[in-house]
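> need a structure here:
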Amino acid sequence: MTFQVTVTPSGRQFSCDADETILSAALRAGVGLPYGCKNGACGSCKGKMIAGQVEHGGHQQKALSESEEAQGMSLFCCAKPQSDITIEVREIQGSDEFPLKKMPSRIAKMEKLSEDVMLIALQLPANERLQYRAGQYIEFMLKDGKRRSYSMANAPHIDAQITLHVRHMPGGLFTDQVFSSMKERDILRFEGPQGSFFLREDSEKPIILLASGTGFAPIKALMEHLTDLKSSRPVTLYWGGRRPQDLYMDALCQEWAANLANFSYVPVVSGAQPEDQWTGRSGFVHQAVMADHADLSGYQVYACGAPVVVDSAKRDFVALCKLPQDEFYADSFTSEADLQSA
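Down below sits the predicted model:
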């Protein structure tokens, strides 16, 4: 059975089969709903049900709580229609600009950026490039049918290759291979571009970039895109890690700060040891933002990294720093463990 989905306030409509999620049907129809993990863990695709009924699959309570569901909210990545429905959600302009492709790629380069972060550069087939927006991600299609998602760490104009920053998760199906048996010239298949995390270019508001760990990868792509645009918007990057070595491209950020007129960089370390001789900012990275910006009402925030960092930042920036909720853009790096708990 097929049902009709109407999106407000845009008025766009698309069909959705009873056995597919609203998000899947929207992407198939080229309707730009916001989304991130697509697995009920991050909450990026949450919106309001105006009319009709849906049935939700497994998801995390932090992505959609029982009280939110009772108030008519829905998580479109795991909601299947039971009738014709009307939903209220802010569509993302430009998210359907580039086609979703399945492509083979060859590993052109592997380089350790730190003890547990590997740079992987992917060479695409000759005469073929992946069109994407800085900040989006790809999904590797593994042999057993499982998938793993990684953000592109370079803006599309930088290189014909795609670079990724992969953190080793001990016991991880994919990352154990990256740090043991994977080698240059291996073939990897992926699907992309995916995600609605990219720069909103119709604004002149100053920007806060917030990264934790390898959440720096899409933030780096955003910075390269802003530089290519010759943007005059003030940008401040806050990058947090447990130890100084977690800020594995600190030198690049310092270079940006020295050479870009409207750019500032604030590295933050939460668990420095005496041998680190750390003299910079300490504590949680989102709290460093709050200490410097008590009023975020005139800002846009782009946040990437661990779910606890992204969730805490959104909650506190909106509740305590007056950030408009619709000016917080995020890519929460949900691990397989996060998805399994959904």
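> burial count for Ser99?
Check again: residue 99 is Pro, not Ser. Residue crowding around Pro99 was assessed by other C-beta atoms under 10 Å; the count is 9. C-betas here are computed from N, CA, C, even on glycine.
> helix or strand: which one has it?
Secondary-structure element containing Pro99, defined by DSSP states H and E: none, the residue being outside all helices and strands.
> likewise Lys205?
Judged by DSSP H and E, Lys205 forms part of no helix or strand.
> please work out how many residues are found near the spatially closest residue to it that is not a sequence neighbour.
The shortest distance from Lys205 to any residue other than its chain neighbours is 4.9 Å, reached at Gln300 (C-beta to C-beta, 6 or more residues apart in numbering). The tally of other residues near Gln300 (other C-beta under 10 Å) stands at 22.
> can I assume Gln300 is in contact with Leu210?
No - counting by C-beta atoms under 8 Å, Gln300 stays clear of Leu210, with 11.1 Å between them.
> in stretch 201-212, what's buried?
Neighbour-count burial for stretch 201-212, counted by 16 or more other C-beta atoms under 10 Å, picks out Lys205, Ile207, Ile208, Leu209, Leu210, Ala211, Ser212.
> is it true that the third one touches Thr236?
When you say that, I think you mean Ile208. Yes - taking contacts as C-beta under 8 Å, Ile208 lies within contact range of Thr236: 5.6 Å.
> tell me which residues in stretch 186-206 are buried?
Along stretch 186-206, the positions that meet the burial threshold by neighbour count (16+ other C-beta under 10 Å) are Leu188, Phe190, Gly192, Pro193, Gln194, Gly195, Ser196, Phe197, Phe198, Leu199, Lys205.
> now, which of these lie within strands?
Where the buried residues of stretch 186-206 overlap with strands, as defined by DSSP state E, the overlap consists of Leu188, Phe190, Gly192, Pro193, Gln194.
> which one of these is nearest to Pro9?
The shortest distance between Pro9 and any of those, using C-beta to C-beta, involves Gln194 and amounts to 25.1 Å.
> which residue comes closest to the closest one once chain neighbours are left out?
Closest residue in space to Gln194, ignoring its immediate chain neighbours: Tyr137 at 5.4 Å, by C-beta to C-beta, 6+ apart.
> how close does that neighbour get to Ser332?
Plainly put, Tyr137 is 11 Å away from Ser332 if you go by C-beta to C-beta, to the nearest Å.
> wait, what's in contact with Ile138?
Taking C-beta atoms under 8 Å, 6 or more residues apart in numbering, we find Ile138 in contact with Leu130, Ser149, Tyr150, Met152, Ile162, Leu164, Phe190, Glu191, Gly192, Pro193, Gln194.
> before we move on, the earlier item: bridge partners for the residue nearest to Gln194, pull those for me.
Under DSSP bridges, the beta-bridge partners of Tyr137 are Ser151, Gln194.
> okay but it is in contact with Gly215, surely?
No - with contact defined as C-beta under 8 Å, Tyr137 and Gly215 do not form a contacting pair (11.6 Å).
> common neighbours of the two, please.
Asp331.
> the two: which is more packed in?
Per other C-beta under 10 Å, whichever of Tyr137 and Gly215 has more neighbours is Gly215, with 27 against 22.
> I'd say that one and Pro307 touch.
No - using C-beta under 8 Å, Gly215 is not in contact with Pro307; the gap is 10.4 Å.
> flag the shaky bits of the chain, pLDDT-wise.
94-96, 334-342 (pLDDT under 70).
> tell me where the stretch 101-250 of the chain has helices.
If you assign secondary structure with DSSP state H, counting those that start in this stretch, the helices in the stretch 101-250 of the chain sit at 175-178, 216-228, 250-259.
> return the most buried member of the ones you listed.
helix 216-228 (a mean of 24; mean count of other C-beta atoms under 10 Å).
> name the helices or strands packed onto that one?
Counting by 3 or more C-beta pairs under 8 Å, 6 or more residues apart in numbering; DSSP states H and E, the packing neighbours recorded for helix 216-228 are strand 147-151, strand 162-167, strand 207-212, strand 235-241, strand 300-305.
> for the longest one, buried residues please.
Within strand 235-241, the residues that qualify as buried are Val235, Thr236, Leu237, Tyr238, Trp239, Gly240, Gly241, counting by 16+ other C-beta under 10 Å.
> tell me the strands beside whichever strand in the chain runs longest, with direction?
Secondary structure of the chain per DSSP E: the longest strand is strand 101-114. Sheet pairing of strand 101-114 (DSSP bridges) gives strand 117-123 (antiparallel), strand 187-194 (antiparallel).
> and for that strand, what are the contacting residues?
Judged by C-beta under 8 Å, 6+ apart, the contacts made with strand 101-114 from elsewhere in the structure are 118-125, 128, 130, 141, 161-162, 165, 178, 182-192, 245-246, 248-249.
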